[in-house]
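Student: here's a sequence, model it:
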Amino acid sequence: MKKLLILFIVLFFLGGCAKNIEPYEVIENDFDLDEAMIILEKTWEPIKAMTDSKFVTKPRVEIPSREEFFNIYKFTYMNDLIKNDIYESLVVTDSNGKEVKDPNGIILFDKGEYEVYIPTIYDEGVIIERAYLKESKYKEEYSYLDKIELIIEEKSNETITNYASGFYRTNIFRKNENDEWVLTETKGVMLYSWERGKK
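Tutor: Numbering: from 1, shown residues only. Presented below is the predicted three-dimensional model:
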């Protein structure tokens, strides 16, 4: 199968100079894998709903607008940056970056000569390699940078030889004001793309 591996890294900083300030202490503690599975499933459920049995990810209903896309597919547990990047990776755009619509005003998500597949924990052979809490502590003058993150590392196991072969993704969560874990950053593989008919 000829496929193009697309790496997706979303960086999230609390302050413009934060990247130059290192924590004085980082504490890691294992996180329950069953709970980690539940969190991943809630987070990536919209992608599962868009992925068919042939491992192609795109909306299964007609979408007239970006707003309608997010009304139908609830990315409740992802921040705006990640969910908007996912949308942009699926929609067809013209040379000016504008969404392409058919004569009936329906947005096109068929990528022409390419197929797109976003792996998730729902897919056979995708497993959690590790889940842990990471607490970063900074000196008093930078204490506003203190944070606790949930890190969940996914990968494909050795039995996978096709669609998700070589897949790996690190999901980084932080809690929101409702005490819910929200995906704020990913590192690794976001999606695969290949020429139509060459899987």
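
Student: C-alpha from now on. contacts and neighbour counts both.
Tutor: Noted.

Student: now the longest helix seen in the chain - C-alpha only, CSV.
Tutor: When the chain is parsed with DSSP state H, its longest helix is helix 33-50. In CSV, the C-alpha atoms belonging to helix 33-50 read as follows (Å, rounded to 0.1, in the frame of the first residue of the first chain):
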residue,chain,number,x,y,z
LEU,A,33,-5.3,2.1,31.6
ASP,A,34,-9.1,1.4,31.7
GLU,A,35,-9.8,5.0,32.5
ALA,A,36,-7.4,6.1,29.8
MET,A,37,-9.3,4.0,27.3
ILE,A,38,-12.6,5.7,28.2
ILE,A,39,-11.0,9.1,27.9
LEU,A,40,-9.5,8.3,24.4
GLU,A,41,-12.8,6.8,23.2
LYS,A,42,-14.8,9.9,24.3
THR,A,43,-12.2,12.1,22.6
TRP,A,44,-11.9,10.3,19.3
GLU,A,45,-15.6,9.2,19.0
PRO,A,46,-16.4,11.8,16.2
ILE,A,47,-13.6,10.3,14.1
LYS,A,48,-14.9,6.8,14.6
ALA,A,49,-18.3,8.0,13.4
MET,A,50,-16.7,9.3,10.2
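
Student: give the rounded mean pLDDT of that helix.
Tutor: Averaging pLDDT along helix 33-50 gives 97.

Student: equivalent analysis for stretch 182-198, please.
Tutor: The model assigns stretch 182-198 a mean pLDDT of 81.

Student: count the residues that sit near the nearest residue to V100 once chain neighbours are set aside.
Tutor: In space, and not counting its chain neighbours, V100 is closest to T93: 5.2 Å by CA to CA, 6 or more residues apart in numbering. Neighbour count of T93, defined by other CA atoms under 10 Å: 17.

Student: against which helices or strands is the lengthiest strand in the chain packed?
Tutor: Counting by DSSP state E, the longest strand found in the chain is strand 181-195. When contacts are defined as 3 or more CA pairs under 8 Å, 6 or more residues apart in numbering; DSSP states H and E, strand 181-195 packs onto strand 4-7, helix 33-50, helix 80-90, strand 114-117, strand 168-175.

Student: and the ones you listed: which comes nearest V56?
Tutor: strand 114-117 (4.9 Å; CA to CA).

Student: what is that closest one packed up against?
Tutor: Packed against strand 114-117 by the contact rule (3+ CA pairs under 8 Å, 6+ apart) you find strand 181-195.

Student: quick one: the strand it packs on to helix 80-90, angle?
Tutor: Here strand 181-195 points in a direction 20 degrees away from that of helix 80-90 (axes from the mean of the first three to the mean of the last three CA atoms, to 10 degrees).

Student: distance from strand 181-195 to the middle of the chain?
Tutor: Relative to its chain's centre, strand 181-195 lies at 4 Å (CA atoms, centre = their mean, to the nearest Å).

Student: what do you get for stretch 115-130?
Tutor: Relative to its parent chain, stretch 115-130 has a centroid offset of 11 Å by CA atoms, centre = their mean.

Student: tell me which residues in that stretch are buried?
Tutor: For stretch 115-130, a neighbour-count test (16 or more other CA atoms under 10 Å) marks E115, V116, Y117, I118, P119, T120, I121, G125, V126, I127, I128, R130 as buried.
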